[in-house]
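Asks: Provided below are the primary sequence and the corresponding predicted coordinates.
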Amino acid sequence: MRTTVGIIGAGPAGLLLARLLHNAGIDSVVLESRDRAYVEQRQRAGILEQGTVDVLRAAGAGGRMDRDGLRHDGIELRFARERHRVDFPALTGGRSVMVYAQTEVCKDLIALQIEEGGPLLFEAEALAVEGVESERPRVRFRREGREDVLECDYVVGCDGFWGVARRAIPAEHSRVFERTYPFGWLGILADVPPSHDELVYARHDRGFALLSMRSPAVSRLYLQVPEGTDAGSWADEEIWDELERRFETADGWSLERGAVTSKSVTPMRSHVHEPMRHGRLFLAGDAAHIVPPTGAKGLNLAVGDVVTFARALVHLEETGSAERLDAYSETCLRRVWQAERFSYDMTTLLHRAPDAPPFEDRVQLARLRRIATSRAAETDLAEGYTGFPLD
Ligand code: APR
Ligand code: PHB
């Protein structure tokens, strides 16, 4: 099999890239190790930055998002039983975010690809990327029990944190920057209308809690839990009790409970692989970088990477200049590190490390009060949350 761009992975990065290339008249093949049903029901985050919304619309993939997505103009910070709303449009010159689940973005892109795009092969597992320093890189993959080879001009590894693409970059060219956190998030989906119309980020002495949503009828809630927690060790009522404690306010706000339909634990880590390109292999999305979920940046960063790649390749085809393709890693990493910084700031602002000295509690509260009382500090948060521009 032969194509211009071989894409490994049908998460949001790989699927959107295939769409952008299709729209530009460039052919691609997507290899995805899992089956379609698995990819379409995997629970992930659900906040789209303004820039991501704009990209999906421009790619012709925004129809259902515009119908079913919820535009949010702010978030609430909760600490010391107080509430503070951050008003995004007022602080950022009109920017907002969209609550629309990543799963739904994937479903929309898969449907479009199957209807209009090039081959999207499910249950096709990439085994290795070879010849990345040559003009003809190849992806060796297995499908229906047989090994096959996809010959490409370029390979884009969109295969997530556990993928194989990154391994094709020789160790002597790679540098990894990493931080793990001694806690994770226990996440639930519940059949109950969200108890607040915007997301609530709560800092509490017992740990962080987040109220989010998937629709006007479905809540998504998270609790900070110790690293390595087994989701099954928390009974539903224990989860609600703990959420209630952490969200408690002085003004008597109340949390509605409902049937819990899913429960899982997400570990938290920051990870960046540099460079994001070696020869004709490009890394995009989680294959190159992970952020802790506190800032909801994972999907949005993946979108930034593939837009950068697609524009660079179009530039090469139109002008003959590989300048932008050569600058891919640098261009992406500038934005990646801003999101890494933002996610790290949000995480350390709101979580309580198990061994944190009381001094840190006071500093966290002082940081939160600063955001609540200084327009400059609040604007910094609003700009980070609604997203950093693409170069
Ligand atoms: N061969 C083929 N496909 C693979 C392989 C492989 N060897 N290894 C992994 N994959 C597939 C996975 O099954 C998955 O569908 O690659 C895809 C990677 O998708 P994601 O993990 O969703 O990563 P990405 O597309 O970069 O999305 C960015 O945003 O909200 C965050 O972390 C969250 O996934 C999210 C990310
Ligand atoms: C989610 O809805 O899953 C979500 C929202 C905001 C975050 C992280 C996750 O910061």
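Replies: Noted; the coordinates are in hand. Ligands and ions are numbered 1, 2, ... in the order given.

Asks: and residue 128, what element?
Replies: In this assignment (DSSP states H and E), residue 128 forms part of strand 124-130.

Asks: so how far is that strand from its chain's centroid?
Replies: 24 Å (Cα atoms, centre = their mean, to the nearest Å).

Asks: list the buried residues for it?
Replies: Using 16 or more other Cβ atoms under 10 Å as the test for burial, strand 124-130 gives 124, 125, 126, 129, 130. Where you see a C-beta, it was placed from the backbone N, CA and C, and this is true even at glycine.

Asks: hey, what's the second one bridged with?
Replies: For residue 125, the beta-bridge partners are residue 142 (DSSP bridges).

Asks: next up, the contacts around it.
Replies: 31, 33, 141, 142, 143 (Cβ atoms under 8 Å, 6 or more residues apart in numbering).

Asks: which of those count as buried?
Replies: Here, 16+ other Cβ under 10 Å leaves 31, 33, 141 buried among the contacts of residue 125.

Asks: state the distance from the second one to residue 130.
Replies: For residue 33, the distance to residue 130 under the criterion Cβ to Cβ, to the nearest Å works out to 18 Å.

Asks: again, but for residue 71
Replies: 45 Å.

Asks: quick check: what element follows the helix or strand hosting residue 98 along the chain?
Replies: Here residue 98, judged by DSSP H and E, is contained in strand 97-99. Next in sequence after strand 97-99, counting helices and strands by DSSP H and E, comes helix 102-116.

Asks: got the contact list for the closest residue to ligand 2 within the stretch 251-391 of the chain?
Replies: For the stretch 251-391 of the chain and ligand 2, the shortest gap (Cβ to the nearest ligand atom) falls at residue 296, measuring 3.6 Å. Residues near residue 296 by Cβ under 8 Å, 6+ apart: 45, 46, 47, 97, 385.

Asks: now the first one: closest residue in space, sequence neighbours ignored.
Replies: Ranked by Cβ to Cβ, 6 or more residues apart in numbering and with sequence neighbours excluded, the top spatial neighbour of residue 45 is residue 296, at 5.2 Å.

Asks: from residue 318, how far off is the one you found?
Replies: 34 Å.

Asks: ok, now residue 343?
Replies: 35 Å.

Asks: neighbour count winner among those two?
Replies: More crowded of residue 343 and residue 318, by other Cβ atoms under 10 Å: residue 343, with 23 against 9.

Asks: give the contact list for the more buried one.
Replies: Per Cβ under 8 Å, 6+ apart, neighbours of residue 343: 270, 291, 292, 293, 294, 295, 297.

Asks: pLDDT at it, what is it?
Replies: If you check residue 343, the pLDDT there is 98.

Asks: work out for me the element it sits within.
Replies: helix 328-350.

Asks: let me see the ranges of the helices in the protein.
Replies: Counting by DSSP state H, the chain has helices at residues 12-23, 36-41, 50-58, 63-68, 88-92, 102-116, 236-247, 298-319, 323-326, 328-350, 358-373, 375-386.

Asks: got TSV for the ones you listed, with distance to ligand 2 too?
Replies: Shown next, in TSV, are these (distance: least, Cβ to the nearest ligand atom, whole Å):
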stretch	distance to ligand 2
helix 12-23	14
helix 36-41	15
helix 50-58	13
helix 63-68	14
helix 88-92	14
helix 102-116	8
helix 236-247	14
helix 298-319	9
helix 323-326	31
helix 328-350	8
helix 358-373	16
helix 375-386	9
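
Asks: ligand 1 is nearest to which of those?
Replies: Each of the helices of the chain has some distance to ligand 1 by Cβ to the nearest ligand atom; the shortest is helix 298-319, at 2.5 Å.

Asks: neighbours of the residue of the stretch 201-350 of the chain found nearest ligand 1, how many?
Replies: Per Cβ to the nearest ligand atom, residue 285 is where the stretch 201-350 of the chain lies closest to ligand 1, at 2.1 Å. Other residues near residue 285 come to 29 when the count uses other Cβ under 10 Å.

Asks: just residue 68 next, same as before
Replies: Residues lying near residue 68 (other Cβ under 10 Å) number 14.

Asks: any idea which of the contacts of residue 125 is closest to residue 243?
Replies: When the contacts of residue 125 are compared for distance to residue 243 (Cβ to Cβ), residue 33 wins out at 35.0 Å.

Asks: pretty sure the closest one sits against residue 127.
Replies: No: in this structure residue 33 lies outside contact range of residue 127 using Cβ atoms under 8 Å: 9.9 Å.

Asks: residue of the stretch 101-250 of the chain closest to ligand 1, please.
Replies: Counting by Cβ to the nearest ligand atom, the stretch 101-250 of the chain gets nearest ligand 1 through residue 160, at 2.9 Å.

Asks: give the contact list for the nearest residue in space to that residue that is not next to it in sequence.
Replies: Sequence neighbours aside, residue 286 is the residue nearest to residue 160 in space, at 4.4 Å (criterion: Cβ to Cβ, 6+ apart). Taking Cβ under 8 Å, 6+ apart, we find residue 286 in contact with 11, 13, 160, 161, 298, 302.

Asks: quick one, what contacts whichever residue of the stretch 51-200 of the chain sits closest to ligand 2?
Replies: Closest approach between the stretch 51-200 of the chain and ligand 2, counting by Cβ to the nearest ligand atom: residue 199, at 5.8 Å. By Cβ under 8 Å, 6+ apart, residue 199 lies in contact with 47, 72, 75, 76, 99, 210, 211, 212, 213.

Asks: do you know how far the fifth one is from residue 219?
Replies: Meaning residue 99. For residue 99, the distance to residue 219 - Cβ to Cβ - is 11 Å.
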